[in-house]
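# Sequence first, predicted coordinates after that:
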Amino acid sequence: MARKTKSIYAGPQDEKIVISMRDVSKTYSKEAPAVSHANLEVREGEFVFVTGETGSGKSTLMKMLIRELKPSSGEVYVLGYDLNRIRHGKIPQFRRNIGVVFQDFRLLRDRNVFDNVAFAQHIIQVPGRRDIQKNVLFALDLVGLNDKYRRRTNELSGGEQQRVAIARAIVNKPYLLIADEPTGNLDADTAWDVMQCFDRINREFGTTILIVTHDRGIVSRMGRRVIEMKKGEIISDTGSDADFSGGYDGYAEENYQDVDADYNDVYAGGDPYQYDEEDDGY
Amino acid sequence: MRTFFYTLGQGIRNLWRNKGYTLASIATIAACLFLFGLFYSVIYNIQHIVDNAQQDVSVTVFFKQGTTEDDIKKIQIAVKERPEVADVKYVSADEAWAEFSRENLGEYAEGFDENPLADSANLEIYLSDVSKQPELVSYLQGLDEVREVNYSEVAASTVSGANSLIGYASIAIIVILLVVAIFLISNTVATGIRNHEDEIRIMKYIGASDFFVRGPYVFEGLIIGLLGSVLPLAAIYELYKRAIVFIDTRFQILTQLLSFVSVHEIFKNLTPVLLFLGAGIGFLGSMLSVRKNLHV
């Protein structure tokens, strides 16, 4: 499975750069800038925390990465897409490479666990009921919920609901997983379990992960790269985390190939990452 | 094709999940279209009656002594060419006498050997547009051969007055109904937006195309719109049939004077109009409600 040949990986400088922000500012009307002159680079397979107090601009930063907001100035490249120039019709195609998890889970209350995760597969129009079933159960297995797929979401605890949301975010096999305060509504133990979920996804599949959080306890306990923001500015960056430096090259690639072997069964001949130009018509 | 059925399925599921919203929307559209259909039926009937009355308004032209039948026939052709004229009938002197004697004299007519109305050959002119009667009359009076023009100004102005009154009334009623319908539907649509807001946002984050997001809601709107037009159609059909029978039995004097349009005649036009309006309102409403939420 030749992931490298995929065009979206033609990054601005290095094909392994997933996120690149250059001198990015975002100003809402008449207020002090929510984000000012931010520079940031995240490489493939990294696990990054963005921390800071309320109003430090970390959520604005995250919204610019999924192109919910456009920067007032500066350049944002994500997975090779120039988010200043991307056409409205291309945004869905861009977002299909990204999984997003929110503080408030955002599950569909009127559907059970399985349908919530399958929802994401329907949206990217995966053909075949059996394929969808396989993918959904695989994702639920990853977050440890495959025995509860028939439950309604309101019967689950907060931690379980967030894990359903994570399963929904990864079922389409994104390159990049972005989470906005994913443990904000959870108690400390549950929060730690959810963090372990992200950790496993990152280590097993090399999925690049960016988590916005103000929970310093978790951040320091995880020992990963930390970017700290204050009043809209990036005030510190620990740099690439130790786990991946050095032995990074090839690590993610190999693991994806293992997974791709599984996915090949599931997708029978089609590259799950390959979204054709036809998709643009929508 | 799979996407089409998934989209259709989601649309139907949405309808079922938001039963209250669905029923409210159908009721709203049905109420507006019911009123529309009701006014349509009433106006159609009034128009029908006025048309009938219009056919009875005629202008009669008598000619000077010595005007030959050929001359009159020539005038008949000229008059018939005029745009406001529906029909021109030539009545010879003998026919005029026969009709007069039949209506007024009965058996006493036997006493006349010669036609006393020898010069009463005339043209009976029926108008397609009664409001143009004055122009026609002045044209006829300007002809050399014409001796006298008989016409009823009151009848003509009453009918043409009724005609324009119906025109204004139907415009006013349609405008009022449209405003009411838009107001009610925009409210229902706003409720729809609140119901679906979260779902649409999630879809957009996952990478749903605009088409995919819109699809189910468009189906939803179309189904609501069509159901919202079928109900009033059925109601008006029953109501109209009963109303005609009721008026027939209770107010026989009326039915001798006025003829009502049959239910089939009304529904020949009303059915496609209501179905089109219902589908259109549903389609527009759902497109509007989703459009606001597509730019996430």
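Arrived safely, thanks for sending.
# can you give me the strands for the chain?
Defaulting to chain A. Assigned by DSSP state E, the strands in chain A fall at A:17-26, A:35-43, A:47-51, A:73-78, A:81-82, A:98-101, A:176-180, A:208-212, A:225-230, A:233-237.
# oops, chain B please
In chain B, the segments counted as strands under DSSP E are B:58-63, B:85-91, B:122-127, B:146-150.
# Would you mark the buried spots in the second one?
Buried residues in strand B:85-91, counted by 16 or more other Cβ atoms under 10 Å in any protein chain shown: B:85, B:88, B:91. For the C-beta atoms, the positions are set from N, CA and C on the backbone; glycine is no exception.
# mean confidence for stretch A:170-188?
If you average the pLDDT over stretch A:170-188, you get 94.
# hang on, the earlier thing: now tabulate the strands of chain B in CSV and tack on distance to chain A and mean pLDDT.
Below are these laid out as CSV (distance: least, Cβ to the nearest Cβ, whole Å; pLDDT from 0 to 100):
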stretch, distance to chain A, mean pLDDT
strand B:58-63, 65, 84
strand B:85-91, 56, 83
strand B:122-127, 58, 84
strand B:146-150, 71, 82
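# among the helices and strands of chain A, which has the poorest mean pLDDT?
Counting by mean pLDDT, DSSP states H and E, the weakest-scoring helix or strand in chain A turns out to be helix A:251-267, with a mean of 41.
# Just list what the longest helix seen in chain B packs against, helices and strands only.
Across chain B, the longest stretch assigned as helix under DSSP state H is helix B:153-206. In terms of contacts (3 or more Cβ pairs under 8 Å, 6 or more residues apart in numbering or on different chains; DSSP states H and E), helix B:153-206 is packed against helix A:91-95, helix A:113-123, helix B:19-56, helix B:133-141, helix B:210-250, helix B:263-291.
# Next, format the ones you listed as TSV and append mean pLDDT.
TSV is the format used below for the helices and strands packed on helix B:153-206 (pLDDT from 0 to 100):
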stretch	mean pLDDT
helix A:91-95	94
helix A:113-123	93
helix B:19-56	82
helix B:133-141	83
helix B:210-250	87
helix B:263-291	84
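# follow-up on the earlier one: want to try a markdown table for the strands of chain B, with distance to residue B:175 as columns?
Formatted as a markdown table, the strands of chain B follow (distance: least, Cβ to Cβ, whole Å):
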| stretch | distance to residue B:175 |
| --- | --- |
| strand B:58-63 | 36 |
| strand B:85-91 | 31 |
| strand B:122-127 | 30 |
| strand B:146-150 | 41 |
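# Could you check how far residue B:150 is from residue B:231?
Plainly put, residue B:150 is 53 Å away from residue B:231 if you go by Cβ to Cβ, to the nearest Å.
# do residue A:122 as well
32 Å.
# pLDDT wise, what is residue A:215 at?
Confidence score, pLDDT, at residue A:215: 90.
# my guess is it meets residue A:194, correct?
No - using Cβ atoms under 8 Å, residue A:215 is not in contact with residue A:194; the gap is 10.8 Å.
# Can you check which residues contact both of these two?
Each of residue A:183 lies in contact with both residue A:215 and residue A:194 under the rule Cβ atoms under 8 Å, 6 or more residues apart in numbering or on different chains.
# These two: which has the busier surroundings?
Each of residue A:215 and residue A:194 has its neighbours counted (other Cβ atoms under 10 Å in any protein chain shown); residue A:194 has more, 24 against 20.
# Check chain A for me, the residue farthest from its geometric middle.
For chain A, the residue at maximal distance from the C-alpha centroid (Cα atoms, centre = their mean) is residue A:30, at 31.3 Å.
# what's around residue A:109, how many residues?
Using other Cβ under 10 Å, the number of residues around residue A:109 comes to 11.
# Spatially central residue in the chain, please.
Reading this off chain A. Mean-position check on chain A, Cα atoms, centre = their mean. Result residue A:177 at 1.2 Å.
# Can you look at chain B instead?
residue B:44 (4.2 Å).
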